[in-house]
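Student: the following comprises the amino acid sequence and a computationally predicted model.
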Amino acid sequence: MAKKQSDSKIAVAGALTLVLALAGVMLVKEPLRSSRPVGTGLDMRATVEEQTVRARLWEDPVAAVQRGLREVKTSRPSTTPVPPLTQRLRSLRQAIADRVKDGHHVTVLLVTTSGGPYVESTESRVRDRYAVGTALGVACYVPEQEGQLSFVEWDPQSPIPALPYEWYRLRKTRVCDEDATRSQRVLVVWFPDEALSRGFLASLTSFSQALVCREAEKKSECLLTDDRRRLVRLNPNLQQAITFKILGPRTSSAFRALLVEASESYAEPHERVGVWPNADGWIELYSPWSSAMKGLLAYGLTTGGGKSAVCATYASCEEEFARRLSDANIRLAYDIGSDDQLFDSLVEELERRQVRLGWDAVILIGEWDSFYGRALPIEFRAAACKKIGSFSERDLEMIDVPVTIKQWCFDIPKAIDLQIRRQADYESLRLNVHRYSYLSGLDGEVPGEDKGKIARADNAKDGQRDRPEGTSQVDYVRALVDRIHDEGEGARAIGIFGTDPYDSLLIIKALRPAFPHAIFFTVGLDGRHLHPSEYKWTRNMVIASPFGLQLDGGLQRDVPPFRSSYQTSTYFAALQAVGHVLCRRDEQVGTPSGPCTTTYHAALTPDDRLYDAGSHVRLFEVGRNGAVDVSIVKKEAVRTIHPLRPDLAYTDGYGQLGQGVGFDNAAVAAATAVGFVLVVAVAWSNQRLWSGIVRSPRALSTAAVVLVALFAVFVLAGGAEALLAGHDKGEPFSWTAGVSIWPSELLRFFVVVLTVLLFVKGARDLRKNGDQISEKFQFEAPSGRYRLSLQTFWTNLQRVYHPLATIAPMKLDQAWVRYREASRLSQGIVRTLLLFIIYAGAMWAIGYFVLDEEYIHPCRGALSCNVDSVMTLASVGIVVLLNLAVFDAVMLCRRWIGWVINSTGGWSDHIRNEYLRNYGLGEAQKSEFEKLQCLAVVDLIAQRTEVVNRLIRYPFIALLIMIAARNEYFDIWNYPLLLLLSWSVNVLVALLGAFLLYQSASRAKAAMLAGLNRQIVQTLGIGKDHDVRVKQIEHVISEVEDNEQGAFVPLYQQPVVESSLYGLVALLQYLYLR
């Protein structure tokens, strides 16, 4: 009987799309919105008597004071002379004296912060105040006046007429009172850049000396000494009770200016004269922001003071750096670290990410109008030169770099000297590291610009914004991108170095479309790079930073993660400045002469924690949910001030290890046991398979023994620990972060396993279906004794792919024997391998001679890169083999359909009788089988093509999973043209095979219908009982027409069409989500 095909499963794709769309809506994070009303409440004005202004603890201190000064008109006439600094600071000096009388020790933090009206400057001041305030809170200090900020008159004629300051007191708790060495009061004074116009040292020394000077009895002026130097007389009582400390300078440019000023102001010897009003005449400097190399900060300065020659080497300049700080009586107690350590780590990280220095082009884009922006490319090129100098002579010859680089770039200081002193020699090395520059403020925003004008500019068209005119420099960025693209052969890595994150983001937005798969990198972790709105541009950007956004839990306490690594450094510097974190130096070391290099001890920790004070550079990769920590463990089993990487093991003392975590040998054993049980359960559910196992139970026990033996070998080879060793240098694992290729590799491995299973299932289904057809239609089985030979292979190859070899008619059973012989497993494997060799050769020729493009692996470390290469080749190769095997089966079936159409009998008596019986005819009416044999032919073809047609789904299923494995959701994969061509050819081969099979089946049905119509014509010519006979034939015709099994399924319901629609829906959904 004819059978209808079941309904199409296309609705499944629509349901899946709906589910994914709903999941996208539910999983999207809505921005946090405050419900606070705007513009309500009382207008709180500044209090003139107390010199305070309302301000929250996180507010910009400079903006808060300026707002207060605008609200309160000064009462001083314009003609009144400005009193001297000592008189202007009298109120603050008196406040200090009052606290000292109570027996309190006071620590004064002189914090330098960004000046200027720019947005980034305001944000820097907000971050600095937040970091210092939270550090004091963790160290047991609370503000004396909550919600208020004090200020003192500084220079009425300058942009900063008043200095903000705030008092903190030690909390009266049992835990906080345990440390008697702590200061009871902390005074934080904020110095914007404009407040240091007289010079960093001159301004801070004048301010600090004016706070502890000895006042005249009648006038509120400081007394001076009687000698010719006329120095400020200090009050010894205040001097013993106060400790001044500096947090700054705010930038590397300011630090260099400090060194220049130190030589000009303290060139002459000043023994027994304290520069600073501390008891010993020295002051501690905490530098949480300036990370430029110390030798570069002093490069080009004169040595020894006066008019001596300038320092000519990095080593001598580094010595000059230390000498000038010593001349100014400054003791560098803490610094954020040096950029050379960051760039050493960056160069190693780029190498782990398959960037071949010397071979691959590396682009550096640096800010030109700041010292730090100019120094960063120099430092990176020095690190790159050092790395290339470590190559073998053979590798240097391959990249055409002279061997002299080994002496010229032996270390980073020598490489810096080479760039600065012998630039021509450096350029002769041709290291393939190219430098470009820009000026800060690319968006062209100018302080004080009319807000209405800005609003109109924001509403302008994008094409108008990029016009080459006005303050905006966006057109320069576009031109720079075009120049880089025209001059290079494709940048493999792009470094963006600057002090303004907004400029960096603008450059990345311009470069990312032109270099979508280049590795972008920078220094300094900033939360603005991690915002979801910027993820499209900054994803997978590598960031080297001395700090993350938080410290170890014992140091971070209840403080939320910060907005930038520099804010974290400021927080840590403030903790040290107030004595919450102390350096434990070696006993033989006397007076500390530099930053801590041994261990840190944190107060108020339950287990008396010690942290290693060495350099531990942090590496991050921008992921979907923020920065993913990929830092390298340089020194194992030591506790650092940084948080532990969650994917790495650690000791009982919280010392980080390079060993990965996630699974162990027990987990592998459990997974193997569960997999074995699942296989047994599946076999038990299959009656035929379970019957085979019951007949030979030894196979099941043998499989169990083999699994146990394999697990034993796995353990002896190192087991899970060996696989996870050195995980800190490898690819992190995450399904959702967007920085890991392991999900893709797991999907590819699943494709390989699935394809093998589909091979086995397809071969079993074809064999089982062939046996069923042979049994049902009583066809002779092919000879059991069969040997694969070149002759039989060539004969069957012609039968499948050469129509002239099979044009002679034959009987139906003979066609079936030929078909079964050609469809033997050995014959199909050899034909598929031949097709695969032709396919691989064509792809190689196209890739080598036509496309010649690079295949990008977004991997990290040797293990993940090797696994990616192997799994890519394995998955692509086995899917192609599956597709070609299905195509061969389709072509063979198509050829067999042609034999069946042209067959001349060969039906068994059993089939004749069965069809006659099914239609109510007896043996006396055997001649009627001539009509029914057309129906038998259609049933035979339908029964065979039902299995063959089902095979066509298999390559599509594997191909769709393989395409999903390369989705950008997991990592920033690229799509080489050769890979896209390979996928396209696979789809076309599958479509071609499906179409040819459908065409052959349609031709067969048409031939049967044509034969039946001829019988109607012949019946009408007889003239006797023709109505009954015609109705019989018409019934058979309807049965033939209604048969929609196998290849007779309508084209729109063909499996290949449905699979193509699934892929189309997935593509549309992907484009929509993007």
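Tutor: Happy to help now that I have it.
Student: make it CA atoms for all contacts and neighbour counts henceforth
Tutor: Fine.
Student: name the helix or strand for the nearest residue to residue 672 once chain neighbours are set aside, please.
Tutor: Once flanking residues are discounted, residue 672 sits nearest to residue 707: 7.8 Å by Cα to Cα, 6 or more residues apart in numbering. Per DSSP states H and E, residue 707 falls inside helix 697-716.
Student: which other helices and strands contact that helix?
Tutor: helix 665-685 (3 or more Cα pairs under 8 Å, 6 or more residues apart in numbering; DSSP states H and E).
Student: could I get the buried residue list for the helix it packs on?
Tutor: Of all the residues in helix 665-685, those buried under the rule 16 or more other Cα atoms under 10 Å are 668, 676, 683.
Student: now whatever helix or strand comes next after it: mean pLDDT?
Tutor: Next helix or strand after helix 665-685 toward the C-terminus (DSSP H and E): helix 687-695. Helix 687-695 carries an average pLDDT of 73.
Student: what about helix 687-695, distance to the chain center?
Tutor: Mean-position distance between helix 687-695 and its chain equals 50 Å (Cα atoms, centre = their mean, to the nearest Å).
Student: residues making contact with it?
Tutor: 683, 684, 699, 700 (Cα atoms under 8 Å, 6 or more residues apart in numbering).
Student: what's the farthest-apart pair in those residues?
Tutor: The two members of those with the most space between them (Cα to Cα) are 684 and 699, at 14.3 Å.
Student: about what we covered before: CA-only coordinates of the helix holding residue 707 in CSV, if you can.
Tutor: Output in CSV follows, covering the C-alpha atoms of helix 697-716 (Å, rounded to 0.1, in the frame of the first residue of the first chain):
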residue,chain,number,x,y,z
PRO,A,697,28.9,-11.8,27.0
ARG,A,698,32.6,-11.9,26.8
ALA,A,699,32.6,-8.8,24.6
LEU,A,700,31.0,-6.7,27.3
SER,A,701,33.6,-7.9,29.9
THR,A,702,36.4,-7.3,27.4
ALA,A,703,35.2,-3.8,26.9
ALA,A,704,35.2,-3.1,30.6
VAL,A,705,38.7,-4.6,31.0
VAL,A,706,39.9,-2.4,28.1
LEU,A,707,38.5,0.7,29.8
VAL,A,708,40.1,-0.1,33.1
ALA,A,709,43.4,-0.7,31.3
LEU,A,710,43.2,2.6,29.5
PHE,A,711,42.4,4.4,32.7
ALA,A,712,45.4,2.8,34.3
VAL,A,713,47.6,3.9,31.5
PHE,A,714,46.1,7.4,31.8
VAL,A,715,47.0,7.5,35.5
LEU,A,716,50.5,6.2,34.9
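Student: okay, the buried residues of helix 665-685 in TSV with distance to residue 564 and pLDDT next?
Tutor: Listed next are the buried residues of helix 665-685 as TSV, based on distance: Cα to Cα, whole Å; pLDDT from 0 to 100:
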residue	distance to residue 564	pLDDT
668	40	82
676	50	80
683	57	75
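Student: pick the one among those residues closest to residue 282.
Tutor: residue 668 (61.6 Å).
Student: for that closest one, which non-adjacent residue is spatially closest?
Tutor: Nearest one to residue 668, counting by Cα to Cα, 6+ apart, is residue 720 at 7.9 Å.
Student: average pLDDT across the helix or strand harbouring that neighbour?
Tutor: Following DSSP H and E, one finds residue 720 within helix 719-724. Average pLDDT, helix 719-724: 79.
Student: buried ones in that helix?
Tutor: Buried-residue list, helix 719-724, by 16+ other Cα under 10 Å: 719, 720, 721, 724.
Student: the second one contacts residue 663, doesn't it?
Tutor: Yes - with contact taken as Cα atoms under 8 Å, residue 720 and residue 663 are classed as touching, separated by 6.9 Å.
Student: what separates the helix holding residue 720 from the chain centre, distance-wise?
Tutor: On Cα atoms, centre = their mean, the centre of helix 719-724 falls 25 Å from the chain's centre.
Student: could you dump it to PDB, C-alpha only?
Tutor: Output of helix 719-724 as PDB, limited to C-alpha atoms (Å, rounded to 0.1, in the frame of the first residue of the first chain):
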ATOM      1  CA  GLY A 719      46.600  11.600  34.600                       C
ATOM      2  CA  ALA A 720      44.600  14.800  35.000                       C
ATOM      3  CA  GLU A 721      47.500  16.600  36.700                       C
ATOM      4  CA  ALA A 722      49.600  16.200  33.600                       C
ATOM      5  CA  LEU A 723      46.800  17.600  31.400                       C
ATOM      6  CA  LEU A 724      46.300  20.600  33.700                       C
END
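Student: right, and the helix or strand after that helix?
Tutor: Criterion used, DSSP H and E; the element after helix 719-724 is helix 742-777.
Student: so residue 518 makes contact with residue 508?
Tutor: No - applying Cα under 8 Å, one finds residue 518 not in contact with residue 508, separated by 11.0 Å.
Student: on that earlier part again, ok, the residue nearest to residue 668 - contacts?
Tutor: Residue 720 neighbours (Cα under 8 Å, 6+ apart): 663, 664, 665, 668.
Student: please redo it, this time with the cut-off set to 7 Å
Tutor: Counting by Cα atoms under 7 Å, 6 or more residues apart in numbering, residue 720 touches 663, 664, 665.
Student: skipping its backbone neighbours, what lies nearest residue 815 in space?
Tutor: Nearest non-adjacent residue to residue 815, counting by Cα to Cα, 6+ apart: residue 899, 6.1 Å away.
Student: wait, a strand at that neighbour?
Tutor: No - counting by DSSP: H, G, I helix; E, B strand; the rest coil, residue 899 is not found in a strand; it is helix.
Student: can you count the residues close to it?
Tutor: Neighbourhood size, residue 899 [other Cα atoms under 10 Å]: 23.
Student: quick one: it from residue 1015, how far?
Tutor: 22 Å (Cα to Cα, to the nearest Å).
Student: can you give the domain ranges for this protein?
Tutor: Domains of the chain are assigned by automatic domain parsing as 52-286, 339-448+461-545, 665-729, 742-1073.
Student: tell me which of those lies nearest to residue 611.
Tutor: By Cα to Cα (comparing all of the domains of the chain), the closest turns out to be domain 52-286, at 17.1 Å.
Student: tell me which stretches of the stretch 451-600 of the chain form strands.
Tutor: 491-497, 519-523, 542-545, 581-584, 599-602 (DSSP state E, counting those that start in this stretch).
Student: what's the most buried one of those strands?
Tutor: Sort those by mean neighbour count, taking mean count of other Cα atoms under 10 Å, and strand 542-545 sits at the top with a mean of 27.
Student: and the closest residue to residue 335 other than its chain neighbours, how many neighbours?
Tutor: If the residues on either side of it in the chain are set aside, residue 335 comes closest to residue 287, at 4.5 Å by Cα to Cα, 6+ apart. By the measure other Cα under 10 Å, the count of residues near residue 287 is 25.
Student: please apply the same query to residue 1050.
Tutor: 13.
Student: leaving out the residues flanking it, which one is nearest to it?
Tutor: Nearest one to residue 1050, counting by Cα to Cα, 6+ apart, is residue 1044 at 7.1 Å.
Student: so that neighbour sits in a strand?
Tutor: No - applying three-state DSSP, one finds residue 1044 to be coil, outside a strand.
Student: which helix or strand in this protein has the lowest average pLDDT?
Tutor: helix 10-27 (a mean of 48; mean pLDDT, DSSP states H and E).
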